[in-house]
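Participant: Starting from these lines, generate the structure:
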Amino acid sequence: MKRYHVGIFLELPLDVGGGFQQSLTDIIWMRDWAKTADIDVTVLTTLPDNVAILAELGINSVYLKLGWFDRLFLFLKYSGPFDLLQYSMRVCAPFEKKLIKAGVDIVYFTTTSNWNLLLYKLPFIITIFDGCFRDSPEFDEVREFAQFERRDIVWRSAVTKAAVVVTNADELIDMLCRRYAMERDHAICIPFSPSLYVSRSAAADQQAGDVTILSKHGLEPGYLFYPAQFWSHKNHATVLLAMRLLRDQGETHRLVLCGSDPGARAAFEALVAQHGLGDSVHILGFVPSAELGALYRGASALVMATYFGPTNLPPLEAWAVGTPVIYPQAFEAQAGDAALLFDYDDPTSLAKAIVRLDSAEERARLVIAGKQRLAYFAERIDEGHRQLARHLMRLRYRRYPQIY
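Facilitator: Sure thing, here's the model as predicted:
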């Protein structure tokens, strides 16, 4: 009897941060659930380095090498007339042929992959983290060099053609239905989870390990922490300007930043120099995932000023280790009462939120509220996983109809 075979497609590198960490969480859930459902799972990654990273977590994976012919097909797929040519010739893309040869029955994309455009025969599950290129098209990274147009093509194809659309927020489902006429019953909500590296149980020597990691980076506990890549939409500037306002009022705060640099770091460093805050800002660059827990625990607060949502991973990680969260008002639906909220276009608003954390009572309230918020999301995650499992069981039956 042929077993249903899910091919999980991982194309993100480790240094993208949250998207990669959430993909790992999704892969582990799918692997573990599939064992209980007599379904086969193969993790396919386009990056050789990911094979070793997955192996460290006990996940077997296969390196899927994509060549110039695969990429040529993908390039041509952005042109509407090529669809007609492909239809008339009845030819599958090399990418899809590789998946079929591997025995895959359905592809599970853990991100909004443009490779979904190449699937003619195989159904797929797609993950949509956000629609921020439409929410905030003013940022270079979602506009220049046809990024906006490319994303719009990919999103439209993904949500209208996918057998299942996995999102992380109910408001995102509403948005996709409104913008792209997505069928609502194809979508499910599985909220983000704290990354595996942060949510693991505390070891007996955790405190000593934390001291070692902080010492490695020349840090003392009590800093403001913002883990994010250096994109302009991450809005590091508002955090810096809030610190400038507080300094002018006689308050000194330290800011620790970590994350890779896709291109906006130099502009931020120039802003740091302009405001004379070089001694107060520590930029660590990309740090190993295993160090994140210590960096969160050493912080007096997570300060996240991003313009992109509606959900983000760092608040969940901060809640998991008991670190208070300061977060944009725009994303109150995710934070509930477990964060101090501010206007991400107003440094004064953020400065006031930072000052509020001087209250021990407020800090204690936020820690308790964070744990409660995590418990709420855990229930939503379980329900989302049950919905995804039901979809997969139906898809399996339609592919191989028999009594299971």
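Participant: residues touching Asp261, list them.
Facilitator: 229-230, 285 (Cβ atoms under 8 Å, 6 or more residues apart in numbering). Heads up, the C-betas are built off the backbone N, CA and C, glycines and all.
Participant: tell me the pLDDT at it?
Facilitator: pLDDT, Asp261: 94.
Participant: isn't there a helix covering it?
Facilitator: No. Counting by DSSP: H, G, I helix; E, B strand; the rest coil, Asp261 is not found in a helix; it is coil.
Participant: The contacts of Asp261 into CSV, with extra columns for secondary structure?
Facilitator: Output for the contacts of Asp261, formatted as CSV (three-state DSSP):
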residue, secondary structure
Gln229, coil
Phe230, coil
Gly285, coil
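Participant: got a markdown table for those, with pLDDT too?
Facilitator: Below are those laid out as a markdown table (pLDDT from 0 to 100):
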| residue | pLDDT |
| --- | --- |
| Gln229 | 94 |
| Phe230 | 96 |
| Gly285 | 94 |
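Participant: Apply the buried test to those residues and list what passes.
Facilitator: 229-230 (16 or more other Cβ atoms under 10 Å).
Participant: ok, so of the contacts of Asp261, who is nearest His391?
Facilitator: Comparing the contacts of Asp261 against His391 with Cβ to Cβ picks out Gln229 as the nearest, at 32.0 Å.
Participant: Can you get me a residue count around Thr252?
Facilitator: 10 (other Cβ atoms under 10 Å).
Participant: can you check Ala187 too?
Facilitator: Ala187: 21 neighbours (other Cβ under 10 Å).
Participant: what's in contact with the helix or strand hosting Phe9?
Facilitator: Phe9 belongs to strand 5-10 when assigned by DSSP states H and E. The contact list for strand 5-10, computed with Cβ under 8 Å, 6+ apart, reads 23, 26-27, 30, 34, 39-47, 50, 54, 61, 64, 99, 102-110, 113, 115, 392.
Participant: do the same with stretch 385-395
Facilitator: With Cβ under 8 Å, 6+ apart, stretch 385-395 has contacts from 4, 6, 29, 33, 37, 39, 106, 123, 125, 163-164, 166, 188, 190, 404.
Participant: Out of these, name the ones that lie in strands.
Facilitator: 6, 106, 125, 164, 166, 188 (DSSP state E).
Participant: pretty sure the fifth one is touching Phe129, no?
Facilitator: This points to Val166. No. With contact defined as Cβ atoms under 8 Å, Val166 does not reach Phe129; the gap is 9.5 Å.
Participant: so how far is Leu99 from the closest residue to Pro13 other than its chain neighbours?
Facilitator: Nearest residue to Pro13 in three dimensions, chain neighbours excluded: Leu47, at 5.7 Å (Cβ to Cβ, 6 or more residues apart in numbering). In this structure, Leu47 and Leu99 are 17 Å apart, going by Cβ to Cβ, to the nearest Å.
Participant: When these two are compared, which one has more neighbours?
Facilitator: Applying other Cβ under 10 Å to Leu47 and Leu99 shows that Leu99 carries more neighbours, namely 26 against 14.
Participant: roughly how far out does the one helix or strand Asp70 maps to sit from the chain middle?
Facilitator: Counting by DSSP H and E, the element that carries Asp70 is helix 68-77. Counting by Cα atoms, centre = their mean, to the nearest Å, helix 68-77 is centred 26 Å from the centre of its parent chain.
Participant: other SSEs contacting it?
Facilitator: Judged by 3 or more Cβ pairs under 8 Å, 6 or more residues apart in numbering; DSSP states H and E, the packing partners of helix 68-77 are helix 94-101.
Participant: Which positions in the helix it packs on come out as buried?
Facilitator: In helix 94-101, counting by 16+ other Cβ under 10 Å, buried: 94-96, 98-99.
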